[in-house]
Each structure stands twice: as structure tokens, then as C-alpha cells.
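>>> Quick one, fold the following:
(one chain, ligands or ions: 1)
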Amino acid sequence: MEGLVVSRVVLRVQDLRVHYHTPRGPVRAVEGVGFELRAGERLGLVGESGSGKSTTAMALMQLIRPPGRIEGGRVELDKLELLSLAKEEMRSVRFSRISLIPQGVMNSLNPVMRVGAQIADTIEAHEERPDREALQKRVRSLLALVELDPATARMYPHELSGGMKQRVGMAIAVALRPQVIIADEPTSALDVVVQKRVMDTLFRVQQELDAAVILVGHDMGLMAQCVDRIGVMYAGRLAELGPVQSLLEEPLHPYTRMLVESLPSLERKGVFRGIPGLPPSLLEPPPGCPFHPRCPQVMDRCSDRVPELEEVAAERRAACHLHAEGFDKLSRGIL
Ligand code: SF4
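Numbers count the residues shown, from 1 in each chain. The predicted model follows:
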């Protein structure tokens with residue numbers, strides 16, 4: 001995406017908030033998340049476990065289950081505000097316009113149903129009485145699209161490898177040609193070689209459908225190879241958002257910088273750099289910037305005021321008070 005013409009926004013998320021209501025109080029899993037997804041773009045949402053990235057994905061699909069609740073915000077899919085849709089209306093949008101490859105999709109297939117029937121089910125749930133023969137043909141071509149032998153349609157999930165099951169999940173997610181595909185940790189249970197092949201297939205399918213993709217994951221290294229822009233999440237908020245190359249070369253937020261520095265490299269062979277401390281409790285988040293208890297650049301104001309995600313440079317946004325001190329100093333590493 002770096003240096004490319006900015007294209008049309010297909011999905012606009014504003015001030016999204018999701019809380020889980022527990023006897024001890026609300027767990028603020030997503031707190032004021034906002035971003036845009038552009039036509040044909042691959043946007044990565046990356047963060048540690050519990051950072052809110054998967055909850056954000058589920059909220060976009062309106063698949064948050066009690067005790068979770070979407071507390072507020074807007075999710076506009078090509079001018080259609082999803083959060084105000086009735087359940088029935090959202091059901092017709094789900095899969096046909098915005099679709100999800102859920103985390104652990106390989107375990108969510110029905111074990112006693114043939115793969116082809118599971119794909120056909122998704123189509124039948126959205127289209128009235130599709131012609132049987134045409135439906136079978138569509139199932140076979142969807143399997144071919146995700147690089148599976150069309151004969152796979154007659155197999156049961158237990159007869160498939162992990163990578164094949166992941167591809168079936170992908171076929172279900174794209175069966176109705178959605179504009180937006182959300183892939184939540186789509187390859188986390190696969191070995192590295194299979195991971196690469198499944199990702200290649202996902203992006204080829206994306207191009208064929210002319211869709212935009214939100215890739216959710218915890219692996220910054222994998223993300224860096226796959227997406228155009230990255231949104232770094234921390235404690236339910238976006239800490240930083242920007243094009244992948246400049247974000248990796250010149251991280252603005254101290255957390256992003258530490259994440260990037262923790263990536264393995266040939267120069268630092270054998271040296272493992274983690275991020276000291278633990279993510280905060282979302283039940284009782286620290287006041288001010290949620291990263292302040294771990295931040296090596298913490299200042300007085302950091303424990304008082306929550307930093308907003310603000311435009312710091314072209315295409316670059318960060319939620320960090322350091323920018324009030326001067327972006328130039330920060331980028332030159334003086335701060
Ligand atoms: Fe660190 Fe303060 Fe920036 Fe938070 S706002 S990341 S504590 S410098």
C-alpha cells in the first residue's frame with residue numbers, strides 16, 4: 001500500500017466498544033477502536049492475547065455472545081451501518097457482504113456432515129431454493145477456488161488434514177463472494193510450510209473476489225509479510241496504525257517499537273528480546289495510557305490522560321503522549 005493511490009473506503013469502524021459483563025464488573029475488551037479498510041486492502045490487526053483483536057473481529061460480524069455486549073460505536077460497510085441492523089438483516093449481510101474465517105475453523109466443521117454439504121448449507125441459508133445441480137457445481141468450483149480437489153466434497157472433516165480443513169473453512173467464508181473477509185488467526189494451528197500455502201491461497205482468493213481482508217493475528221513477523229497496513233492493538237485499544245513498511249522501520253508507539261525489536265533477526269541471532277511486564281487487567285485497567293506500567297518512556301502525564309489515536313504523519317496514527325513532545329524528536333530516537 002506504501003506509495004499507492006489511496007482507494008475507496010469499504011469499511012469504516014468508529015469508536016467501537018465491547019465489554020464483557022462479569023460479577024466483578026465490566027471487562028473492557030474493546031475500548032474506542034476505529035479504523036478504515038480500503039477496497040482491495042489487507043489490514044492486519046496484531047496484538048498479544050487479550051488485546052481485543054479477536055473481539056473486534058467478532059464485533060464487526062455482530063457475533064459477540066453474552067456476557068459480552070457491543071456498548072457503542074459505528075461499523076459502516078459501504079454506507080450500511082451494521083450495528084443498527086436487526087438480527088435478521090445482519091444475518092443476510094453476514095457471509096454475503098462481510099465474512100469471517102473464525103479462529104480454529106478446522107475444529108468448527110460439523111464432524112458428521114460431508115464437507116460439500118457444509119458449504120452448500122451456507123449458500124442455501126442465503127438463497128431461496130437454489131437449483132440442486134447448480135448448487136453442486138458451485139460447491140465444486142468453490143473447492144477448486146481454495147485449491148482442493150472437487151472430490152473433497154464427499155469427504156468428512158476427519159478425512160482431511162489441518163490445512164485442508166482450513167481451506168474448507170475458507171470456501172465456506174467466501175461462498176457468497178463477500179466484499180470484506182475477516183481471517184482470525186487463520187493459520188495458527190498449522191506448520192510453517194502449510195501456513196504459507198494457506199495464506200497464499202487466501203490472498204489469491206481475495207484478489208479473485210476483489211475483496212478486502214482484515215487479518216487478525218499475534219505474529220508480527222507473519223503479519224509483516226502479508227498485509228499492507230498494520231493496526232497494533234494493546235489493552236482493547238489501537239496503539240498505532242500505519243503502512244507496514246514505515247511502521248516496521250520507524251515505529252511511533254513505544255509498544256510497537258518493542259514488538260518490532262522482539263522480532264527474530266539474523267543480526268541478533270540467539271538473543272531473545274521480550275517485552276517486560278504483563279498486559280493490564282481489562283477489569284481494572286490502569287489510569288491514563290494502558291501501556292504506562294510497562295513503557296520505558298513513561299512521563300508524568302501518561303498515568304493521568306488516555307492518549308487518543310491521532311494522525312502524526314501522513315498515513316501514520318499513534319496513541320501516545322510522546323507526540324505532543326514532538327514527533328521529530330521521537331522519530332530521531334531522541335525521546
Ligand atoms: Fe509510553 Fe506515555 Fe506513550 Fe503511553 S503515552 S506509550 S506511557 S510515552
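>>> Is the closest residue to the ligand within the stretch 101-250 of the chain in a helix, a strand, or coil?
Residue nearest to the ligand within the stretch 101-250 of the chain (Cβ to the nearest ligand atom): residue 239, separated by 7.2 Å. For glycine as for every other residue, the C-beta is placed from the backbone atoms N, C-alpha and C. Under DSSP: H, G, I helix; E, B strand; the rest coil, residue 239 falls in the strand class.
>>> Spit out the contact partners of it.
By Cβ atoms under 8 Å, 6 or more residues apart in numbering, the contact list for residue 239 reads 232-233, 253, 255-256, 291, 309, 318-320.
>>> One more: residue 284?
Residue 284 makes contacts with residue 25, as judged by Cβ under 8 Å, 6+ apart.
>>> Can you tell me how far it is from residue 189?
32 Å (Cβ to Cβ, to the nearest Å).
>>> what bridges to the residue nearest in space to the middle of the chain?
Nearest to the mean C-alpha position of the chain, by Cα atoms, centre = their mean, lies residue 216 at 2.8 Å. Residues in a beta bridge with residue 216, per DSSP bridges, are residue 45, residue 184.
>>> before we move on, back to that, could the contacts of residue 239 be laid out in a markdown table, adding distance to the ligand and secondary structure?
Shown next, in a markdown table, are these (distance: Cβ to the nearest ligand atom, whole Å; DSSP: H, G, I helix; E, B strand; the rest coil):
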| residue | distance to the ligand | secondary structure |
| --- | --- | --- |
| 232 | 11 | strand |
| 233 | 14 | strand |
| 253 | 6 | coil |
| 255 | 6 | helix |
| 256 | 9 | helix |
| 291 | 4 | coil |
| 309 | 11 | coil |
| 318 | 8 | strand |
| 319 | 7 | coil |
| 320 | 3 | coil |
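>>> Between those residues, which sits nearest residue 166?
residue 233 (23.4 Å; Cβ to Cβ).
>>> Can you tell me how far the residue lying closest to the closest one once chain neighbours are set aside is from residue 130?
Leaving aside its chain neighbours, residue 233 sits nearest to residue 47 (3.5 Å; criterion: Cβ to Cβ, 6 or more residues apart in numbering). Computed as Cβ to Cβ, the residue 47 to residue 130 distance reads 40 Å.
>>> So for those two, which residue has more residues nearby?
Neighbour tally, residue 47 and residue 130, criterion other Cβ atoms under 10 Å: the higher count belongs to residue 47, 26 against 14.
>>> Now do the same for that one: its pLDDT.
Looking at residue 47, its pLDDT reads 93.
>>> Same question for residue 194.
pLDDT, residue 194: 82.
>>> Check residue 175 too.
96.
>>> Give me the phi and psi for it.
With angles defined as degrees, to the nearest 10, residue 175 sits at phi -60, psi -30.
>>> Relative to residue 221, how far out is residue 263?
5 Å.
>>> In this structure residue 228 contacts residue 39, no?
No - using Cβ atoms under 8 Å, residue 228 is not in contact with residue 39, being 11.5 Å away.
>>> Among these two, which residue is more densely surrounded?
residue 228 (18 against 15).
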